[in-house]
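>>> got a predicted model here, sequence first, then my questions.
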Amino acid sequence: MKAVHVVVRGVVQGVNFRWSAVRAAQRIGVTGWVRNRDDGAVEAHVEGDDGHVLAMLAWLREGPAAATVEGVDVTDAEVDGATGFQIRP
């Protein structure tokens, strides 16, 4: 089991990024959460098998069609046993 903390920068708010991330996470099979940050970025915590986490990271680097991802910062995180993937305030 692997966990990562991700910060996605660019035009990523107001483009259904979080809702699309939830659908992608469900399809890929990872757990965790996603939320908007005050600085205009989107932040996520992703947990799962290495391959599934890598697949979610690939999705986050692209985002939904309306997004323009300019940068993605990924750091290792502690597994917290998340169930499901949800939007956090």
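Alright, I've got the coordinates.

>>> if I look at the residue nearest the centre of the chain, how far off is residue 85?
Nearest residue to the geometric centre of the chain (CA atoms, centre = their mean): residue 44, 4.2 Å. Applying CB to CB, to the nearest Å, the value for residue 44 to residue 85 is 9 Å. Every C-beta, even on glycine, is put in place using the N, C-alpha and C of the backbone.

>>> picking up where we left off before, and the residue nearest to the centre of the chain, what helix or strand is that in?
Assigned by DSSP states H and E, residue 44 belongs to strand 42-48.

>>> which neighbours do residue 44 and residue 85 share?
21, 32, 33, 34 (CB atoms under 8 Å, 6 or more residues apart in numbering).

>>> would TSV of these with pLDDT be doable?
Below are the shared contacts of residue 44 and residue 85 laid out as TSV (pLDDT from 0 to 100):
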residue	pLDDT
21	98
32	98
33	98
34	98
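
>>> in strands, which of those residues appear?
Using DSSP state E, 32, 33, 34 are the members of those that sit in strands.

>>> quick check, nearest of those residues to residue 7?
Distances from residue 7 to these, taken as CB to CB, are shortest for residue 34 (11.0 Å).

>>> OK, contacts around the closest one?
Contact analysis of residue 34 by CB under 8 Å, 6+ apart lists 17-18, 21-22, 25, 42-45, 85-88.

>>> ok, and the most crowded of these?
Comparing the contacts of residue 34 by number of neighbours (other CB atoms under 10 Å), residue 21 comes first, having 28 neighbours.
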